[in-house]
Structures are given as C-alpha cells and as structure tokens.
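Asks: Sharing a sequence plus its predicted fold:
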Amino acid sequence: MLDIKFIKENLDSVKKSLKDRGLTIDLDSLLQLEDSRRKNLNELEGLRAEKNKANDEITALLKKKQDAKSRIVSMKAIAERIDQLEDNLKETEGELNKLLLVIPNIPHASIPIGDATKKEVVRTWGEPPKLDFKPFTHIEISRNLGIIDFGAAAKISGSNFVLYKGWGAKLERALINFMLDLHTKKHGYTEVFTPFLVNRASMTGTGQLPKMEEDMYRLKDEDLFLIPTAEVPVTNILRSEILEEKDLPIYYTAYSACFRREAGSYGKDTKGLIRVHQFDKVEMVKFVKPEASYDELEKLVRDAEEVLQILGLPYRVVVLPTQDISFAASKCYDLEAYACGVDTWLEVSSCSNFESFQARRANIKFRRTAADKRPTSEYVHTLNGSGIALARTVVAILENYQQKDGTVLIPQALRPYLDGKEMIS
RNA sequence: GGAGAGGUCGCAUAGCUGGUCUAGUGCGGCGGUUUGCUAAACCGCUGGAUGGCCUAAAGGCUGUCUCGCGAGUUCAAAUCUCGCCCUCUCCGCCA
C-alpha cells in the first residue's frame, strides 16, 4: 500500500508509474475522497474536544451536587452530530481504503519500462549440456524411470498435480534439505516452518488480497486460504510489530508447499512439471532498514543463484520490466534455469524488493536508536526470493543430467542426501 | 464439537456497584543524584495512530483516537449489553 500523503505530494510521478505498469487508476477521485475525509475529521475532532470538555464540567457539577441538567441537554445535540459525522467518516475511510489496497507499488527507477518483451538479461551462468543425442523431456525421463506418476496424481486430485515416487520422492526431499542447509549454515538465515493455511489479514498484508483472490485456493467453511508461497506466512510473522534497530536485518528461510489455482492459465505450459497446482519451494524472506534494501536485494539474488551453481544448472538472471513485476514489488529479478529437454528457460526464482509496500499493509515497523535522533518509528523494507522453487528445478536436473541410456546422474551436492547414490536408474 | 475462565499502555498485575482513570502499582528500560568503580538507594521520564500551531533547525506546545475487534445503551464506557476473534483449563474426538 502506498501512503496517501505520498500520493498527494507526488501525484505526477505516481500517475506515471501506474502508466508504466500499464494501468489506469483514477487518482483524482481518490484525492477528493481524502480531502473530504480530512474535512470531516477536522470537524469531528473539534466537536469531540467540546464534548470532552463538557463532560468534565458535568462531572464537576455532579460532584459538587449541583444541577447539570441544562448542560446535559445541550450535549445531547452535539452527541447526535458526532454520531452522524462518525458514520460519514467510516464510510469515506472504507471507500478510501478499498481504493488504496488495489494500487500497486511504484516500480524502481532502475528497471526497464514496458511489457515482457523489455525483460533484460543481467548475466548468465554455466553452459547448456552438450549431449550427443536428442534430449528427452522430463516427462519421458520420469516415466521411464518410474519416479513421477502424473496419472495417479490426476486420479487422486485432478489434472496438473504431481505424485513423486521412489527416487523421485527422495530427490524432492533431498533438494529441500540441501537448500535449507545452504541458507541456514552458509547464508545466515533462520529456518522457520509455518502454517500452510492463513487468514485474510495475512493475505492482505503481503498484497495477494484483495486483488488476486481468484488465484487462491480458499476454504469453504472458514475464511482461510492455502498459501501460494511461504512469503505470506513468513512475512506475517512480524505483522503489527515494532522492532528495534539492532534486531535488523532479520533473515528467515522456510520450506513450504505452495498452492496455486492458476486460474485462466490453462493451455499455457501445462505439460508435466512446469505449471502445477501444488509445488514445493524454499523461500527466503528479509526484513531490513530502508537504506539497505537494494544491497540486500543483490545479496538475496546471489543466495538464490548459489543454489543453482552448486547444482550445476545453467541459468540467467533477468530484471523484470514495469509491466511484469508483481503487484507489491518495486524491483524483481527472476532466475531462469535452462532445461535442455523442453529447451526453455524456466523461472525457478523471483527475488523482489517490496520496499515499504508490504510493511505498510502489514504494519511492520522499527525504531531507530536514540543516537539517530529520530524518535518515531518507521516502516521496515521487506524482501523475498525463492531459494528455489522445486518442481521446475527437478525438470532442469532430470533433463540436463540425463544420460544416453535413460539414467540420470545425481548432482554431487545432493548425493549426501541420497544415500551417496550417483545415478537414478 | 461441549463446558468454564480470561484477554488492560514492553512484561506482570489493579480497576470492571458507569463520571478525579488525563488508566494505579511492581518489574524492565531511559535520564539524573550519589560513588574511585560497580551495586544499592533516591528523583524524574516511559507505548501506538493521526491532525493543528510555534521554530532556521534541534525541539516545543496542543487536539483527537487507542484498555482483543466490532456494534449498542448513555450527556458520559476499561467499567453495562450483544456479536466476533484469540488464549488457557477440563471433557469428547483424533494423527
């Protein structure tokens, strides 16, 4: 959420940033609402002050056993006017809030303006494997090895669900453990394990609601949602907290299953493991001081990249343009792993800086130490990045490490997690 | 799912027969006095949100809201009524 005052004072640049995102939102009527809210509030506060004073007087009169009847009668009229103003105010604030909640974050000045075609490759790492045979896709490989059963998953749940079997299931578990170990032991993150069902306030705090409700799985009998990413529960750990400066930065990492309806995306990348309704992911979340957030974003990307480097998977880092970054993000890098079977770059990680956008929604603040002489609290900056998403990583491993005989070599780093096994056959 | 108890300004508690509660007290924290240093003792301060005014600024003065959340009764609500949420205890069910 953006600060209404900020919108007011920077109207032109906010308008431009909405345009850069390819959106038109009526900011003028928003500001009109704010204006009438302010006027309403001023009158209301004046009357309340009067009321409070009169109450003191009535109290004093009653205490001296004097008659307060006329004073009480005159207060009645003011009380009614106050009621009326309060109703108006509540309505105005409701409307204002509704509008503010659907305004996206302002893109950072450093990112390209435009649609997906403006995506910029920042760097690439590694080389695609040189195979002396036509590579199979992960669908064929996993079928041959009997490590994924799409049919059974469809029977149990429906299309676009996955069932890992045998070494497939073990590989999934090995990847999760490997990533969590890397981030906790080497990169200084604290591991958390959160609920996978969250309430509406949490979903609103990180920005999935109210705009993306259609994309979420939601329970029928309770107002709970299946998380689309661990970002939601992990960021909300600190919702409505005021932190001390010395507590920052805070780094959390979490494994979670992620659930996405992918409403309206049928027919696009729907084969195999590339777009599924439930997948596993290890997520990294940071809470930092505002002045540090862009350095922290670079570090976050490096932390995610290291996963791919250790796994020996070729990838590229891209910076997303204004129309491609998510609703809450200011700047976002995607990591795309190359998979030779499907011959595509697969998005396996998104690393974003949300600046104060989520912190304002979720009310996460910190107080600077007295030396800084800034007595009031400020919003932290939040960041998160996948470190990394599993299903597509499995695609890249199966396809890039496939051998001519149909077996799949296991990346060195995963072998300790797989009984020392070198090959899935 | 059933029964009961409870949610108070960092923590712990008082208040809950409506009006000196601008929420008391203890602990913690901050500042100070004392001290060779530390401790103790003593004194003062102590959250959040959002307006207005003064100031070059640092800062100061001041209004309103905030006793889980929301609604209601009343001139007046921490205090009374209703709904919701959460926590704890016991029972039932269950991995």
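Replies: Great, that's in hand.

Asks: interface residues of the stretch 1-150 of chain A facing RNA strand B?
Replies: Contacts of the stretch 1-150 of chain A with RNA strand B, taken as Cβ under 7 Å from any atom of the strand, map to A:5, A:41-42, A:44-46, A:48-49, A:51-55, A:58-59, A:62-63, A:72, A:75-76, A:79, A:90. C-beta coordinates here come from the backbone N, C-alpha and C atoms, glycine included.

Asks: Please report phi then psi for the residue in the stretch 201-350 of chain A that RNA strand B sits nearest to.
Replies: Across the stretch 201-350 of chain A, no residue is closer to RNA strand B than A:Ile242, which sits at 5.8 Å (Cβ to the nearest atom of the strand). Main-chain torsions, A:Ile242, degrees, to the nearest 10: phi -110, psi 120.

Asks: which ones are touching it?
Replies: Counting by Cβ atoms under 8 Å, 6 or more residues apart in numbering, A:Ile242 touches A:Lys365, A:Phe366, A:Arg367, A:Ser377.

Asks: Give me the buried subset of the residues you listed.
Replies: A:Lys365, A:Phe366, A:Arg367 (16 or more other Cβ atoms under 10 Å).

Asks: any idea how far the nearest residue to the last one once chain neighbours are set aside is from A:Glu245?
Replies: Beyond its immediate neighbours in the sequence, the residue positioned closest to A:Arg367 (Cβ to Cβ, 6 or more residues apart in numbering) is A:Ser377, lying 4.8 Å away. Shown here: A:Ser377 relative to A:Glu245, a distance of 10 Å by Cβ to Cβ, to the nearest Å.

Asks: Same check on A:Leu27?
Replies: The gap separating A:Leu27 from A:Glu245 is 34 Å, by Cβ to Cβ.

Asks: In the strand or helix carrying A:Thr92, which residues are buried?
Replies: For A:Thr92, the host element (DSSP states H and E) is helix A:69-101. Across helix A:69-101, burial judged by 16+ other Cβ under 10 Å covers A:Met75, A:Ile82, A:Leu85, A:Asn88, A:Leu89, A:Thr92, A:Leu96, A:Leu99, A:Leu100.

Asks: again with stretch A:50-66
Replies: By 16+ other Cβ under 10 Å, the buried positions in stretch A:50-66 come out as A:Ala54.

Asks: could I have it exported to CSV, CA atoms only?
Replies: Extracted C-alpha coordinates of stretch A:50-66, given in CSV (Å, rounded to 0.1, in the frame of the first residue of the first chain):
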residue,chain,number,x,y,z
GLU,A,50,-16.0,20.2,23.0
LYS,A,51,-17.7,17.0,24.2
ASN,A,52,-14.8,16.0,26.4
LYS,A,53,-14.7,19.4,28.0
ALA,A,54,-18.4,19.4,28.7
ASN,A,55,-18.1,16.0,30.2
ASP,A,56,-15.5,17.3,32.6
GLU,A,57,-17.8,20.1,33.5
ILE,A,58,-20.8,17.8,34.1
THR,A,59,-18.6,15.6,36.3
ALA,A,60,-17.5,18.6,38.3
LEU,A,61,-21.1,19.9,38.8
LEU,A,62,-22.4,16.5,39.8
LYS,A,63,-19.5,16.1,42.3
LYS,A,64,-20.5,19.4,43.9
LYS,A,65,-24.1,18.1,44.0
GLN,A,66,-25.2,20.9,41.6
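
Asks: now what about it, what contacts it?
Replies: Residues from elsewhere that reach stretch A:50-66 (Cβ under 8 Å, 6+ apart): A:Asp67, A:Ala68, A:Arg71, A:Ile72, A:Ser74, A:Met75, A:Ile78, A:Ala79, A:Ile82.

Asks: what about stretch A:319-338, distance to the chain center?
Replies: Here stretch A:319-338 is found 12 Å from its chain centre; the criterion is Cα atoms, centre = their mean, to the nearest Å.

Asks: Now do the end-to-end distance for it.
Replies: Terminal residues of stretch A:319-338 lie 17 Å apart, using Cα to Cα, to the nearest Å.

Asks: So for it, mean pLDDT?
Replies: Average pLDDT, stretch A:319-338: 97.

Asks: quick one: the strands in the stretch 1-150 of chain A?
Replies: Along the stretch 1-150 of chain A, counting by DSSP state E, counting those that start in this stretch, strands occupy A:120-125.

Asks: Would you map the helices across it?
Replies: When secondary structure is read from DSSP state H, counting those that start in this stretch, the stretch 1-150 of chain A shows helices at A:4-9, A:11-20, A:27-63, A:69-101, A:138-145, A:150-156.

Asks: Pull the second one out as CSV, backbone CA atoms only.
Replies: As requested, the backbone C-alpha atoms of helix A:11-20 are provided in CSV (Å, rounded to 0.1, in the frame of the first residue of the first chain):
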residue,chain,number,x,y,z
LEU,A,11,0.8,12.9,-7.9
ASP,A,12,2.6,13.1,-11.2
SER,A,13,5.2,10.5,-10.6
VAL,A,14,2.6,8.1,-9.1
LYS,A,15,0.5,8.6,-12.2
LYS,A,16,3.5,8.0,-14.4
SER,A,17,4.4,4.8,-12.5
LEU,A,18,0.9,3.5,-12.9
LYS,A,19,1.1,4.2,-16.6
ASP,A,20,4.4,2.4,-16.8
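
Asks: Great, nothing more from me.
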